[in-house]
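S.K.: everything below, folded, please.
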Amino acid sequence: MDPIQTAESVLLEAKDAEKGVKDQNSLAEFFNRFLSKKGKASGLMALMREVKAENKASFGKRVNEVKSSIASFYEQKKQELEQKELEEKLKKERIDITLPGREQIQGRKNPFYQIIDEVEDIFLSMGYQVVSGRDVETDHYNFELLNVPKDHPSRDMQDTFYFDAEKLLRTQTSAAQAHAMVDNIDKTPIKMICPGKAYRRDDDDMTHSHQFAQIEGLVVDKGISLANLKATLELFVKKMFGEKREIRLRSSYFPFTEPSVEVDVSCFACQGKGCPMCKGTGWIEILGAGMVNPKVLSMCGYDPEAYSGFAFGVGVERVAMLRYGVDDIRRFYQNDERFLKAFPGK
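M.R.: Prediction:
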C-alpha cells in the first residue's frame, strides 16, 4: 500500500476506534494501539524511506497531522474521563450538612488515678516530695533494709514474684523509703511520699489483686514522734474523707516500724454507730503505719540516737473503694466506659 494511503488508513482506523473509548481502560488500549512507541501512528515515519524524495516533505507533514489529530483526541478524552471520575467521587463523598453530628465521647480519668492525684495534692500542700519508685527491686531493698529476716513469710515464693535469687517485683512501696534514706548522702531530713504499684502472689477476687497500688509516706528528722504521725494522718483523713472523720490507732506489727499501728477511720456510712460496711464496729481500717524501726535507720545510714521518723502505707484501691462505694477491685482495671462515666473528676 502507498505510504500516504497507509497514513490515511491509520487516521480512519483511529476515528473509528474513538467511538469505542468509554472509560480509562479503553482509553489505555487506544493509546497503546496508536500512540505508543510501537503504535500505528508512531510507526508511520518508518515509511519515509519508501517515499520519493520530492514527496517526503508533504508525507512528513501529513503524518504529523495524523499523529496530532489522534493525540488531540486522546488528551481531550483523558481530561473528560478524569473530570467524570472526579465528579462521581465527589458525589459519593458528598457530606450532608443537615445530618446531626456524631456524639463525641469525652474521656474520664480512672478513679484509681484520681485518688493518687488527690493524695499527692494533700501531701504536697504539707511540704512532702513525690518520689518515683521502682517496680523491679532487689531483695536487699525490698526486704533486708526493711528489717525483714530471711525466714519471714513474706519472702516465701507463694507471696513474691521472683526473677531470680536477687531480683523481684516489689511487694510494697516501702522499698522506696530505703532508697530515699540510702541515697541521701548528707543524711538530711526526709519528707516524701511514693505512689506506685506493688505485686504479690494472690488470687484475684472482689477485694484482692495480684497487682495493686500503695502510697508510701516517710518522714525522717530529729525529734519526730508518734504524735507527729497521728497529727499527719488525722489531717490526711479529714481532707480525704471529710472534716467529721476521726481516726484511731491500734497496736500492730511490721518489721520496718516499731511501734507499729493499724489506722482506722470512723465509718462515714453510719457515722460510727455501726453498720454492715464497718461490720458493726463503727470503724474501717484504711492503712498501716508506725515509727521507723531504729534498725532500719541504722542500716540506711542514719544515726538512730539522733534521728527518728515515721512511715505509713495506704492502699489506693482501698481508699477508692471506700470513697466511691465500689464493691469490686477489678472494676478499676477493666476500663469499662459505663463505670468511668460515674467519675467525672475535678
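
S.K.: give me the low-pLDDT residue ranges for the stretch 201-346 of the chain?
M.R.: Low-confidence segments of the stretch 201-346 of the chain (pLDDT under 70): 344-346.

S.K.: show me where it has its strands.
M.R.: 211-221, 247-254, 257-266, 283-292, 308-315 (DSSP state E, counting those that start in this stretch).

S.K.: any chance of a markdown table for those, columns distance to residue 117 and mean neighbour count?
M.R.: Any C-beta I mention is one placed from the backbone N, CA and C, and that applies to glycine too. What follows is those, written out as a markdown table (distance: least, C-beta to C-beta, whole Å; neighbours: other C-beta atoms under 10 Å):
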| stretch | distance to residue 117 | mean neighbour count |
| --- | --- | --- |
| strand 211-221 | 11 | 22 |
| strand 247-254 | 22 | 15 |
| strand 257-266 | 20 | 20 |
| strand 283-292 | 18 | 21 |
| strand 308-315 | 14 | 23 |
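
S.K.: now distance to residue 340 too, for these, in a markdown table please.
M.R.: Output for the strands of the stretch 201-346 of the chain, formatted as a markdown table (distance: least, C-beta to C-beta, whole Å):
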| stretch | distance to residue 340 |
| --- | --- |
| strand 211-221 | 17 |
| strand 247-254 | 30 |
| strand 257-266 | 26 |
| strand 283-292 | 24 |
| strand 308-315 | 20 |
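
S.K.: closest to residue 64 out of these?
M.R.: Closest to residue 64 of the strands of the stretch 201-346 of the chain, according to C-beta to C-beta: strand 211-221, at 81.2 Å.

S.K.: the closest one vs strand 283-292, what angle?
M.R.: Here the directions of strand 211-221 and strand 283-292 differ by 50 degrees (axes from the mean of the first three to the mean of the last three C-alpha atoms, to 10 degrees).

S.K.: name the strands paired with strand 211-221 and say parallel or antiparallel.
M.R.: strand 190-199 (antiparallel), strand 308-315 (antiparallel) (DSSP bridges).

S.K.: I'd like the ones you listed as a markdown table, with distance to residue 258 appended.
M.R.: As requested, those are exported to a markdown table (distance: least, C-beta to C-beta, whole Å):
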| stretch | distance to residue 258 |
| --- | --- |
| strand 190-199 | 18 |
| strand 308-315 | 11 |
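
S.K.: so which of these is nearest residue 235?
M.R.: Among those, strand 308-315 sits nearest to residue 235 (C-beta to C-beta), with 12.3 Å.

S.K.: let me see the contact set for residue 315.
M.R.: 212, 213, 214, 286, 287 (C-beta atoms under 8 Å, 6 or more residues apart in numbering).

S.K.: circling back: so which of the strands paired with strand 211-221 is nearest residue 12?
M.R.: Counting by C-beta to C-beta, residue 12 lies closest to strand 190-199 out of these; the figure is 83.6 Å.

S.K.: tell me which residues in that closest one are buried?
M.R.: Residues of strand 190-199 classed as buried: 190, 191, 192, 193, 194, 195, 196, 198, 199 (neighbour count, 16 or more other C-beta atoms under 10 Å).
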